[in-house]
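K.L.:
any chance you could fold what I've pasted below:
(chains A and B)
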2 protein chains.
Amino acid sequence: MSFEGYFDEFEDRAWQECSQGTVRVAMVGIGWWTREFAIPAVEESTFCETTVAISSSREKVDRLVEDHETVQRGLTYQEFHDGEAVDAYDAVYICTPNALHLQYVETAMELGKGVLCEKPMESSVERAEQLVAASESSNTPLMVAYRMQTDPVAGRMQAAVEAGAIGDPVFVHANMTQTLLDIIEDPDQWRLNPELAGPGASVTDIGIYTINTTRFVLDRDPVAAQAVMHSEQDAFDTVPDERAAFQLSFEDGIYASCSASQNAALAGHLKVTGTEGEITLEPAFFANESRTLTLQRGDTVAEYSAGADGLGPAPDGVGQMREEFDYFADCILAGRHPSCDGEHGLSDMRTIEGIYESAERGERVEL
Amino acid sequence: MSFEGYFDEFEDRAWQECSQGTVRVAMVGIGWWTREFAIPAVEESTFCETTVAISSSREKVDRLVEDHETVQRGLTYQEFHDGEAVDAYDAVYICTPNALHLQYVETAMELGKGVLCEKPMESSVERAEQLVAASESSNTPLMVAYRMQTDPVAGRMQAAVEAGAIGDPVFVHANMTQTLLDIIEDPDQWRLNPELAGPGASVTDIGIYTINTTRFVLDRDPVAAQAVMHSEQDAFDTVPDERAAFQLSFEDGIYASCSASQNAALAGHLKVTGTEGEITLEPAFFANESRTLTLQRGDTVAEYSAGADGLGPAPDGVGQMREEFDYFADCILAGRHPSCDGEHGLSDMRTIEGIYESAERGERVEL
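P.N.:
As a prediction, this is how the structure comes out:
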């Protein structure tokens, strides 16, 4: 395999088993992310169609039904729990505040609907375990929405590392930062409310990308964590982690140095240094950015650039979510369970808990 | 000031006070670094000349005198301690194993010679404090050889951060890795011998670049450290840190995530993410590499690339050391003390000690 082969010969949708079929999706929670990323992604997808919208607000769902041709029904959460319009959808996408995931997953599982659940899975390890238990007892597919795992650029990074392009991995550096209050201006938003978000705002909501994508690229799990965090601004005084830096020790003695902040300039990178070379994805984690993968080994450099959809120029930024939805639907249609299932997501929940615990105690925490 | 102005209007030698003069340098220790970097750098310098070479081996110094026109005298260490040829040099450059620095600094100070001492200053905080005491009691200039601080590319990075180009700094990521046993093939080399090198091999010898350059660029000092480290290969079983990752908490709540290994592919980067933008130096720390500085703020990107000397294409890699020697000489000639003096170097020694202590104890260590 040639040096550039890691990138050129990669099959973008090696996961695809189905050639046809449609999974009708109910969107549970229709906030910013669902409206701007999930629904447009489904519109572009091969195997999905949004047919139902579910929200606390009758007015909001009615407006959404009006605006989107495929969306036939708008439901309140109560109507969803009551099983209304159950024949109008095959699966649900859950994008509500973290601490509300469990109740919607439980209902979906009772109704026999596969679930694509946003990350973090829930607000605590305990509740995430209940969520996994609900999935397992109903034997209904649960996928955690790790969109980097079906991103074709991140896939090339994973394949190159697996093929030994950088030798054995030694260090990872990863950062994800954004200015949350510029994206969602409401200071009372749920992401800053521990009762709805869980233990913090930065590690849980965006630091999780650095954790999970590192797991994906290394194909290894973390075994220990240590961390520091604090909040600087009044707007973040409800959470401990306006800024957080955390070190994860992975299997095989690999160290990942990560950082995340909801109050710093939009930026993200993922770099793996190995015994023989280095591979860098930058920018890395945002769905609406063009990305460049750079592999350096000795004096040789290979680059792979892709638009925001990972598949060529795509300025609308829905491509990464489209791949995620199609992977989820392909699993549903083919009757198999997604690789990033509940057990997979639980590892991140435990790592995140360890990070907050380490920051609090000032000690390394075994995971 | 325009966005690009941070780079274009930077004065490479803002430190220069003298227009003429020569400082005659005695090289103490004539190993790999002295022969391949220091002596060629002095040959290219404005204010320095190598006139004396000092080593344990009579044969080695004699050969060096033969090979270099300006070098008039070769001395053994004993002859140096005895004050031989004291009129043939004005200052000394010390590039011996770390644990031997103190004795040569003490002799140099007794002889009234300014000292440019390689980093780390010594093998322990205690011995570094003795080294500083010797400098202070003799009132003779002592500079620690932090070549990044007079590197014109790193200088631009510092100036941009100081000018607020990235807003307030939030996170730093820094890595420095090399394969020591490819550079110096001897498995019994002093860098792997704790009696000569100090507590480790990676943090002390190369991790120090990530620490000190972060201090320089942020103009702030670390206040706490936490770290993990271990050795994988038999060749590194004498030291605890074939691989080390360490987090430093800096003043003003800035977190630096650093890593260093003497047994990974040659690589280095330094990235500072701020509230308004991000600035990256990559590659970063090696004397013989061309470097690129990239400043991103919103949609605007400014780049500054320079050859290995930081001043334009210079494939020989001696430019960074040349700037360091000329800064040292300019201080000597102008009768002022260098900014990276003994007290400045002591901070790094204490940080390094804290890093090893944290890794050992599994706890955060206040500095």
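
K.L.:
what's the helix or strand for A:Ala108?
P.N.:
Take DSSP states H and E as the rule and A:Ala108 turns out to sit in helix A:101-110.

K.L.:
looking at the stretch 101-250 of chain A, which residue is nearest chain B?
P.N.:
At 3.7 Å from chain B, A:Ala245 is the closest residue in the stretch 101-250 of chain A, using C-beta to the nearest C-beta. Using the backbone N, CA and C atoms, a C-beta is placed for each residue, glycine as well.

K.L.:
I figured that residue hits A:His230, correct?
P.N.:
No. Using C-beta atoms under 8 Å, A:Ala245 is not in contact with A:His230, being 10.1 Å away.

K.L.:
so which of these two has more stuff around it?
P.N.:
The neighbour count for A:Ala245 versus A:His230, taken as other C-beta atoms under 10 Å in any protein chain shown, is higher for A:Ala245 (31 against 14).

K.L.:
which residues touch the residue nearest to that one when sequence neighbours are not counted?
P.N.:
Distance criterion C-beta to C-beta, 6 or more residues apart in numbering or on different chains; nearest residue to A:Ala245, sequence neighbours excluded, is B:Tyr255 at 3.7 Å. For B:Tyr255, the contact set (C-beta atoms under 8 Å, 6 or more residues apart in numbering or on different chains) comprises A:228, A:243-245, A:259, B:170-172, B:247-249.

K.L.:
again, only using 10 Å
P.N.:
Contact partners of B:Tyr255, counting by C-beta atoms under 10 Å, 6 or more residues apart in numbering or on different chains, are A:227-230, A:243-246, A:257, A:259, A:261, B:169-173, B:222, B:224, B:247-249.

K.L.:
helices and strands of chain A: which one bottoms out on pLDDT?
P.N.:
In chain A, the helix or strand scored least confidently by mean pLDDT, DSSP states H and E is helix A:5-8, which has a mean of 78.

K.L.:
show me what the next helix or strand after that helix is packed up against.
P.N.:
Once the chain leaves helix A:5-8, the next helix or strand it forms, by DSSP H and E, is strand A:23-28. Helices and strands touching strand A:23-28, by 3 or more C-beta pairs under 10 Å, 6 or more residues apart in numbering or on different chains; DSSP states H and E, are helix A:39-44, strand A:48-55, strand A:73-76, helix A:77-81, strand A:91-94, helix A:101-110, strand A:114-117, helix A:319-334.

K.L.:
kindly recompute the last result at 6 Å.
P.N.:
strand A:48-55, strand A:91-94 (3 or more C-beta pairs under 6 Å, 6 or more residues apart in numbering or on different chains; DSSP states H and E).

K.L.:
that strand pairs with which strands, and in what direction?
P.N.:
strand A:48-55 (parallel), strand A:91-94 (parallel) (DSSP bridges).

K.L.:
okay, the ones you listed in JSON lines with distance to B:Ser55 next?
P.N.:
JSON lines is the format used below for the strands paired with strand A:23-28 (distance: least, C-beta to C-beta, whole Å):
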{"stretch": "strand A:48-55", "distance to B:Ser55": "73"}
{"stretch": "strand A:91-94", "distance to B:Ser55": "71"}
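
K.L.:
reformat these as CSV; add mean neighbour count.
P.N.:
Output for these, formatted as CSV (neighbours: other C-beta atoms under 10 Å in any protein chain shown):
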stretch, mean neighbour count
strand A:48-55, 25
strand A:91-94, 26
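
K.L.:
adding mean pLDDT and distance to B:Asp299, write the ones you listed out as TSV.
P.N.:
Shown next, in TSV, are those (pLDDT from 0 to 100; distance: least, C-beta to C-beta, whole Å):
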stretch	mean pLDDT	distance to B:Asp299
strand A:48-55	98	32
strand A:91-94	98	31
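
K.L.:
give me the low-pLDDT residue ranges for the stretch 101-250 of chain A?
P.N.:
The model of the stretch 101-250 of chain A has no residue with pLDDT under 70.

K.L.:
stretch A:77-90: which residues count as buried?
P.N.:
A:77, A:79-81, A:85, A:89-90 (16 or more other C-beta atoms under 10 Å in any protein chain shown).

K.L.:
check stretch A:28-39 too.
P.N.:
For stretch A:28-39, by 16+ other C-beta under 10 Å, it's A:28-31, A:33-39.

K.L.:
endpoint to endpoint, it covers what distance?
P.N.:
This stretch, stretch A:28-39, spans 11 Å end to end (C-alpha to C-alpha, to the nearest Å).

K.L.:
from the rest of the structure, what touches it?
P.N.:
With contacts defined as C-beta atoms under 6 Å, 6 or more residues apart in numbering or on different chains, stretch A:28-39 is touched by A:27, A:50, A:53-55, A:64, A:92-96, A:104, A:287, A:321.

K.L.:
distance from that stretch to the middle of the chain?
P.N.:
A distance of 14 Å separates the centroid of the chain from that of stretch A:28-39, by C-alpha atoms, centre = their mean, to the nearest Å.

K.L.:
pLDDT averaged over that stretch, what's the number?
P.N.:
Mean pLDDT, stretch A:28-39: 93.

K.L.:
just the pLDDT for the nearest residue to A:Ala334 once chain neighbours are set aside.
P.N.:
Leaving aside its chain neighbours, A:Ala334 sits nearest to A:Glu17 (4.3 Å; criterion: C-beta to C-beta, 6+ apart). Here the pLDDT value assigned to A:Glu17 is 97.

K.L.:
check whether A:His269 sits in a helix, strand or coil.
P.N.:
Following DSSP: H, G, I helix; E, B strand; the rest coil, A:His269 is assigned to strand.

K.L.:
which residues does A:Met176 contact?
P.N.:
A:Met176 neighbours (C-beta under 6 Å, 6+ apart): A:206, A:209-210, A:260, A:268, A:285.

K.L.:
any idea how far it is from A:Glu118?
P.N.:
16 Å (C-beta to C-beta, to the nearest Å).

K.L.:
and the gap between A:Thr273 and A:Phe250?
P.N.:
For A:Thr273, the distance to A:Phe250 equals 13 Å [C-beta to C-beta].

K.L.:
which one's more surrounded, the two?
P.N.:
A:Thr273 (29 against 19).

K.L.:
which residues of the stretch 51-200 of chain A fall in helices?
P.N.:
A:58-67, A:77-81, A:101-110, A:125-138, A:152-162, A:180-183, A:194-197 (DSSP state H, counting those that start in this stretch).

K.L.:
and the contacts of the last one?
P.N.:
Counting by C-beta under 6 Å, 6+ apart, the neighbours of helix A:194-197 from elsewhere in the structure are A:97-99, A:190-191.
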